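Participant: Pasted the sequence and its predicted model underneath.
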Amino acid sequence: MPSDLAFVKSTRRFILSVLRLAGIPDEQRDELALVFTEMANNSIEHGCCPTDSEASIGISVELTVGVEDVEILVRDPGGGASNARDLSRALEDAEVAPPVGNERGMGLYLVRCIMDEVEVRDEGNQGTVMRALKRWSAAR
């Protein structure tokens with residue numbers, strides 16, 4: 001997916017269609033689409049620097065609907081180990097809701113609240129990967 005926020009909406013619609021075909025109920029489908037949106041926005045805004053030649057690579061999105069869970073992976077080209085550490089730290093901070101009236105910072109908090117597992121990995125030259133997993137037993 002190009003590293004342009006304008007593409008998030010159309011990719012979200014595609015993901016909603018896949019989740020609908022997989023039989024995921026409306027409420028869980030909407031929550032998973034919200035998680036994708038927050039993960040993609042974060043990856044584009046923080047993992048793709050517009051001055052980098054790698055920014056034209058965009059981000060990679062994987063959605064896996066399993067028998068017992070659904071997994072969302074978002075990979076961006078940026079950052080390396082320091083970016084992964086910063087994002088991991090931000091995820092830890094996201095266990096507490098941001099102050100009321102805060103314009104920013106709700107995305108990671110929502111991802112943490114909705115998903116059963118959230119992690120960030122540095123994959124060297126492959127970039128930074130954020131993985132979020134929702135178990136079916138918890139989703140239904």
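Facilitator: Okay, I see it.

Participant: Please tell me how far Leu34 sits from Val67.
Facilitator: The spacing between Leu34 and Val67, counted by C-beta to C-beta, to the nearest Å, is 23 Å. Every C-beta, even on glycine, is put in place using the N, C-alpha and C of the backbone.

Participant: meant to ask about Ile57, not that
Facilitator: Taking C-beta to C-beta, one finds Ile57 at 32 Å from Val67.

Participant: quick one: which of these two has more around it?
Facilitator: Neighbours of Ile57 and Val67, each counted by other C-beta atoms under 10 Å, are more numerous for Ile57; the result is 16 against 5.

Participant: quick one: contacts for that one?
Facilitator: Ser3, Pro77 (C-beta atoms under 8 Å, 6 or more residues apart in numbering).

Participant: Okay, and the spatially most central residue of the chain sits in which element?
Facilitator: The residue lying closest to the centre of the chain (C-alpha atoms, centre = their mean) is Met39, at 2.3 Å. Element membership for Met39 (DSSP states H and E) is helix 26-47.

Participant: Which is the succeeding secondary structure element to that helix?
Facilitator: Next helix or strand after helix 26-47 toward the C-terminus (DSSP H and E): strand 60-65.

Participant: May I see the buried residues of that following strand?
Facilitator: Judged by neighbour count (16 or more other C-beta atoms under 10 Å), strand 60-65 contains these buried residues: Val61, Leu63.

Participant: just the angle between it and helix 26-47, please?
Facilitator: Angle, strand 60-65 to helix 26-47, by axes from the mean of the first three to the mean of the last three C-alpha atoms, to 10 degrees: 160 degrees.
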